[in-house]
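*Asks:* take this sequence and fold it.
(2 chains)
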Amino acid sequence: MALDTAAGTTPQKSGSVRHYDSASSRVFDVLNVVVLLTLAAVTVLPLLYVLAGSFATESEIDSRSFFLWPRNFVTDAYDYMFSTDVFIRALLTTVGVTAVGTLVQVMLTLTMAYPLAKRNLPGRALALNVVIFTLVFSGGMIPTYLVVRNMGLLDSYWALILPLAINPFYLMIVKSFFQELPEALEEAARIDGCNELAVFWRIVLPLSKPIIATFSLFYATAIWNDYMSPLLYINDESKWTLQVLVRQLTAPNADSENVLSQLDSPTFPQQGLKFAVIVLATVPILLVYPFLQKHFAKGVLIGSVKE
Amino acid sequence: MLLPGLAYFALFRYAPMYGLSIAFKDYVPFLGYSGSQWVGLKHFEELFTGPDFGRLMVNTLVLALLTVLFVFPAPIVVALLLNELRLNVVKRSVQSLIYIPHFLSWTIVASLTYLLFSADFGVLANFIHDIVGGRQTDYVAQEEWFRPIIILQSLWKQTGWGTIIYLAALAGVDTQLYEAARVDGAGRWRQFWHITLPGIRPAIVVMAILTSGHLLDTGFEQIWLMTTSLNRSTADVFDTFVYYVGITQGAFSYSTAVGMFKGVVGLMLIFGSNWLAKRLGQRGLF
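*Replies:* All right, here's what the predicted structure looks like:
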């Protein structure tokens, strides 16, 4: 009787079926929490430092090596930033290109993925292979550059959008998602007199909200963060995006002097500006992140776990 | 409905592949793709016998090797540690925080690196200096620090996000297996060794195949942003070399040949490792 109770209580006490409450096991648990919390701290501390630095005075940035809260809270860097054309223009450019680009990318991806998900589509295998091959091979930087140049897209905002319009990997994931949708729903809509377009618009899209949200974020992040496209395709300084500006301001060579000399004001918070421009280029993306976080883990997994 | 998408693939994915033909020509923009003179393998010979090839190959391969050794296993280790966490609150907050850097651009990561490591007021540089003493080192400008910094950046940016795929695989492991193992008297370590690890092996194989295809893709933006005139002897890799030669110097045909060499090696690697995975009794990608 006593033996029975002892054997019966141990698993219940541990809560999970997986763990024994041995001493070494508990030591491991404590260490594990410490290690992972350290990891999280290492990840986030540089970002918090930059945020704090962007609100600090020049002398504080120079004298204190690391801080998470500025001694004197000032907005000099931001005041200066928003009093110049350079930063406002770059911000508007980046927001505009990201908004239009994401719309184009999501539309193209959805409209291509939907027919590809239909198993009776003529030529489907060929079309899928056309897509899949681009996952493992590409023309590369220079041939792509020449295509963009020959189309007359250099120094055009479209050069930042069109070459990246469909990510083949995302396309395959969205296709898998559409394949999982119950066929019966679409059948029912067709019987009720919906044409193909109406089925897509009224039935399929509303069911796909989580995945649309996920890939909108992914696409938007990719365009917002893109540095290679502006580097390759944009020479006109008035069309610079935020990422280019970040680079110009923080690069360790002559680049930064060029852009700094453009800012004609004799006194401006030189160090603070570096911190502030990083914050400006980071915050918008991080603001959407918490809202979409619960969706994207799901979105990523749909295509990757299944075939 | 398929047409706009197919048009995109034709224009921006397959037209550049057709453009690869200029690797076998002396491309003159004025004459166009078909008007330019065929020169056979001239540009490839120039690449393989030229002074740059050895340096580019070594730099690219060393970075690839360091990536395989450190960057590839990191998410697996972190995912396994997260999986052993009993406190769900800790688990979820750690996850949310370590996903963040994935959403930051390489420009931001490079700028952070300069802020933290540069000699004039870099925090970490000063910190290390205070401990080690000696002369102040400008880590971001020195070629022997180039590779460690690149690997640190990759670890910082990608480890957290990389755990997602492994955590999903871990969540798919049947809990009855653990129960059965416990009844048979398996301790925590043995459960880990005989159930958890085999449970995520397919995910590891798939990720390994995918990674192998991109071994020579050193990440153009990351390397380019960390390259300075002082560290180019270790920093130059195929990707950035293509940019310097092609865009900066306008040698379109030669740089296309360099890029094509890299692309073809990548293609062989991905098929090779897929074949190897199947030979070793794992499920391949295709």
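*Asks:* residues from the stretch 151-300 of chain A in reach of chain B?
*Replies:* A:151, A:162-163, A:165-166, A:168, A:171, A:196, A:200, A:221, A:224-228, A:231-232, A:243-244, A:246-247, A:249-253, A:271, A:274-275, A:278, A:281-282, A:285-286, A:289-290, A:293, A:297, A:300 (Cβ under 8 Å from any Cβ of the partner chain). The way it works is simple: take the backbone N, C-alpha and C, and place the C-beta from them, glycine included.
*Asks:* what about residue 98, how many neighbours?
*Replies:* If you meant another chain, say so; for now it's chain A. 24 (other Cβ atoms under 10 Å in any protein chain shown).
*Asks:* wait, chain B was what I had in mind.
*Replies:* 24.
*Asks:* how near is B:M57 to chain A?
*Replies:* For B:M57, the distance to chain A (Cβ to the nearest Cβ, to the nearest Å) stands at 17 Å.
*Asks:* report the contact partners of A:V33.
*Replies:* B:L85, B:L87, B:V90 (Cβ atoms under 8 Å, 6 or more residues apart in numbering or on different chains).
*Asks:* excluding its backbone neighbours, what's nearest the residue of the stretch 151-286 of chain B found nearest chain A?
*Replies:* Closest residue of the stretch 151-286 of chain B to chain A, Cβ to the nearest Cβ: B:G259 (3.5 Å). Distance criterion Cβ to Cβ, 6 or more residues apart in numbering or on different chains; nearest residue to B:G259, sequence neighbours excluded, is A:G140 at 3.5 Å.
*Asks:* hmm, the one you found is touching B:M260, no?
*Replies:* Yes. Assessed by Cβ atoms under 8 Å, A:G140 is found in contact with B:M260 at 6.5 Å.
*Asks:* shared neighbours, the two?
*Replies:* B:L20.
*Asks:* hang on, the earlier thing: what subset of the residues of the stretch 151-300 of chain A next to chain B is buried?
*Replies:* Using 16 or more other Cβ atoms under 10 Å in any protein chain shown as the burial test, those include A:151, A:162-163, A:165-166, A:168, A:171, A:200, A:221, A:224-228, A:231-232, A:243-244, A:246-247, A:249-252, A:271, A:274-275, A:278, A:281-282, A:285, A:289, A:300 as buried.
*Asks:* tell me where chain B is predicted with low confidence.
*Replies:* Within chain B, the segments meeting pLDDT under 70 span B:119-121, B:134-136, B:284-286.
*Asks:* what about the strands in it?
*Replies:* B:25-26, B:37-38 (DSSP state E).
*Asks:* buried deepest among these, which one?
*Replies:* Mean neighbours per residue, mean count of other Cβ atoms under 10 Å in any protein chain shown, is largest over the strands of chain B for strand B:25-26, with a mean of 18.
*Asks:* in its sheet, what does it sit against?
*Replies:* According to DSSP bridges, strand B:25-26 forms sheet pairs with strand B:37-38 (antiparallel).
*Asks:* name the surrounding residues that touch the strand it pairs with.
*Replies:* Counting by Cβ under 8 Å, 6+ apart, B:F24, B:K25, B:D26 sit against strand B:37-38.
*Asks:* the last one against B:V39, yeah?
*Replies:* Pointing back at B:D26 there. Yes. Assessed by Cβ under 8 Å, B:D26 is found in contact with B:V39 at 5.3 Å.
*Asks:* quickly list what's touching both of the two.
*Replies:* B:S253.
*Asks:* okay, now the unreliable bits of chain A?
*Replies:* For chain A (pLDDT under 70), the answer is A:1-21, A:252-268, A:292-307.
*Asks:* can you give the domain ranges for it?
*Replies:* For chain A, automatic domain parsing gives the domain ranges A:21-74, A:78-305.
*Asks:* distance from the longest one to the middle of the chain?
*Replies:* I take that to be domain A:78-305. The chain centre lies 8 Å from the centre of domain A:78-305; the measure is Cα atoms, centre = their mean, to the nearest Å.
*Asks:* indicate the residue of the stretch 101-250 of chain B located nearest to chain A.
*Replies:* B:S105 (3.3 Å).
*Asks:* surely that residue meets A:Q243?
*Replies:* Yes. Here B:S105 lies in contact with A:Q243, judged by Cβ under 8 Å, at a distance of 5.5 Å.
*Asks:* do a quick rundown of the helices in the stretch 51-200 of chain A.
*Replies:* Under the criterion DSSP state H, counting those that start in this stretch, the stretch 51-200 of chain A contains helices at A:58-63, A:76-81, A:85-117, A:124-136, A:141-150, A:168-180, A:183-191, A:196-198.
*Asks:* can you name the residues in contact with the fourth one?
*Replies:* With Cβ under 8 Å, 6+ apart as the test, helix A:124-136 has contacts from A:116, A:118, A:121, A:168-169, A:171-172, B:2, B:6, B:9, B:13-14, B:213, B:266-267, B:270.
*Asks:* which residues touch the residue most central in space within chain B?
*Replies:* For chain B, the residue sitting closest to the mean C-alpha position, by Cα atoms, centre = their mean, is B:T218 at 5.3 Å. By Cβ under 8 Å, 6+ apart, B:T218 lies in contact with B:T60, B:L63, B:A64, B:V237, B:F238, B:D239, B:T240.
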